[in-house]
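Peer 1: Only the shape, not the letters, is given here:
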């Protein structure tokens with residue numbers, strides 16, 4: 001075809017049953033050649049109100065398409081007010097079948113584009129406040145447990161090759177297996193790619209580290225041109241300030257699963273990390289003395305126990321005490337005076 005405007009004109013004539021036998025053959029041969037494929041797909045998508053175009057886009061029955069062509073080509077062609085019969089020898093059965101096999105394939109390949117145009121994917125957002133937990137099941141069957149003070153963005157349905165979501169904060173993922181459609185979690189510059197697995201992510205904006213801890217399966221982390229792969233009981237850590245990405249052993253990765261029920265376990269974590277969690281879980285303000293901030297905490301707390309019991313457990317373990325001043329819990333070394 002000489003240009004796209006002429007191609008569009010011939011396409012519209014064909015849809016309206018106004019093509020001559022020569023014009024119809026030229027159009028079908030051009031479609032068969034594969035030239036201007038994207039433009040033709042756009043023409044079909046833009047004229048779905050026409051029954052012929054709709055049939056081209058949606059039908060998966062090759063024989064039905066072929067019969068539709070026969071009927072269309074046998075239509076009476078209007079020319080100067082006279083009815084003219086189209087010669088049968090104008091198109092061979094083989095060329096018609098081949099041409100509309102191409103259209104069948106085109107319709108099949110662009111089915112997602114057509115579906116997205118008719119029923120576009122909507123992005124949903126789930127936000128939790130301090131002390132709040134939420135559970136959500138995605139359209140693919142994946143289950144996500146969202147931690148406090150977090151934001152989770154996801155589509156109402158998955159129609160692309162990949163299943164992609166975004167997270168700021170913390171969450172536990174149990175991803176439904178689908179090898180043909182990898183699941184990708186975007187947390188700022190870090191992307192976590194999985195096929196079907198269970199893992200925990202912590203990626204709060206105010207924290208320097210983005211941590212991904214794998215419980216089961218296998219995941220791939222990427223940050224810019226850096227990549228690491230995790231196997232069960234490993235943790236990947238990206239430091240925003242340094243731009244480093246590394247993996248380390250994390251034998252008790254399964255402990256994160258308990259967070260779904262509000263149980264937090266620590267195995268030598270620094271007190272500052274525990275306080276970070278306490279503030280989000282109980283929506284309280286805590287000030288931690290620098291002298292005890294890096295002391296290790298071994299133990300656990302449950303959100304059902306309340307903030308003060310959790311604080312007492314922490315203080316006993318790190319040899320500290322706390323008092324309340326103007327609504328803020330202040331943690332200091334045991335020998336200090338308030």
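Peer 2: Noted; the coordinates are in hand. Everything quoted here is computed from the prediction, not taken from an experiment. Residues are numbered from 1 along each chain as shown.

Peer 1: Could you pull out the helices in the chain for me?
Peer 2: 4-15, 21-33, 37-46, 51-58, 62-73, 93-109, 111-118, 271-282, 307-318 (DSSP state H).

Peer 1: Can you tell me which of these has the worst average pLDDT?
Peer 2: Mean pLDDT is lowest for helix 62-73 among those, at a mean of 45.

Peer 1: Can you list the low-confidence ranges for the stretch 201-338 of the chain?
Peer 2: Residues of the stretch 201-338 of the chain meeting the criterion pLDDT under 70: 336-338.

Peer 1: hey, where'd the strands end up in the stretch 151-300 of the chain?
Peer 2: 151-155, 163-174, 183-187, 190-194, 198-203, 209-216, 219-223, 226-230, 234-239, 244-249, 263-270, 285-288, 296-302 (DSSP state E, counting those that start in this stretch).

Peer 1: quick one, the fourth one and strand 198-203 angle?
Peer 2: I take that to be strand 190-194. Here strand 190-194 runs at an angle of 170 degrees relative to strand 198-203 (axes from the mean of the first three to the mean of the last three Cα atoms, to 10 degrees).

Peer 1: Direction included, what does strand 190-194 pair against?
Peer 2: The sheet places strand 190-194 alongside strand 183-187 (antiparallel), strand 219-223 (antiparallel), with pairing taken from DSSP bridges.

Peer 1: quick one, the last one and strand 209-216 angle?
Peer 2: Relative orientation of strand 219-223 with respect to strand 209-216: 170 degrees, computed using the same axes, to 10 degrees.

Peer 1: Likewise for the first one?
Peer 2: Here strand 183-187 points in a direction 160 degrees away from that of strand 209-216 (the same axes, to 10 degrees).

Peer 1: roughly how far out does strand 183-187 sit from the chain middle?
Peer 2: With Cα atoms, centre = their mean, to the nearest Å as the basis, strand 183-187 stands 7 Å off its chain's centre.

Peer 1: does residue 213 really touch residue 203, like I thought?
Peer 2: No. Using Cβ atoms under 8 Å, residue 213 is not in contact with residue 203, being 11.7 Å away. Where C-beta positions appear, they are placed from N, C-alpha and C, glycine not excepted.

Peer 1: Please enumerate the shared neighbours of these two.
Peer 2: Residues touching both residue 213 and residue 203 by Cβ atoms under 8 Å, 6 or more residues apart in numbering: none at all.

Peer 1: List the buried residues for stretch 169-186?
Peer 2: Residues 169-176, 181-185 are the ones in stretch 169-186 that count as buried (16 or more other Cβ atoms under 10 Å).

Peer 1: Name the nearest residue to residue 10, sequence neighbours excluded.
Peer 2: For residue 10, ignoring the flanking residues on the chain, the nearest one in space by Cβ to Cβ, 6 or more residues apart in numbering is residue 27 at 4.9 Å.

Peer 1: For that neighbour, give me its contacts.
Peer 2: If you count contacts by Cβ under 8 Å, 6+ apart, residue 27 has them with 7, 10, 11, 14, 19.

Peer 1: Find me whatever residue is spatially closest to residue 277, sequence neighbours aside.
Peer 2: Taking Cβ to Cβ, 6+ apart, and ignoring the residues beside it in sequence, residue 277 has residue 264 as its nearest neighbour in space, at 5.8 Å.

Peer 1: Can you name the residues that contact that neighbour?
Peer 2: 258, 277, 281, 300, 301, 302, 303.

Peer 1: would you turn these into TSV with distance to residue 335?
Peer 2: Shown next, in TSV, are these (distance: Cβ to Cβ, whole Å):
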residue	distance to residue 335
258	34
277	26
281	28
300	26
301	24
302	30
303	31
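
Peer 1: Lovely, talk soon.
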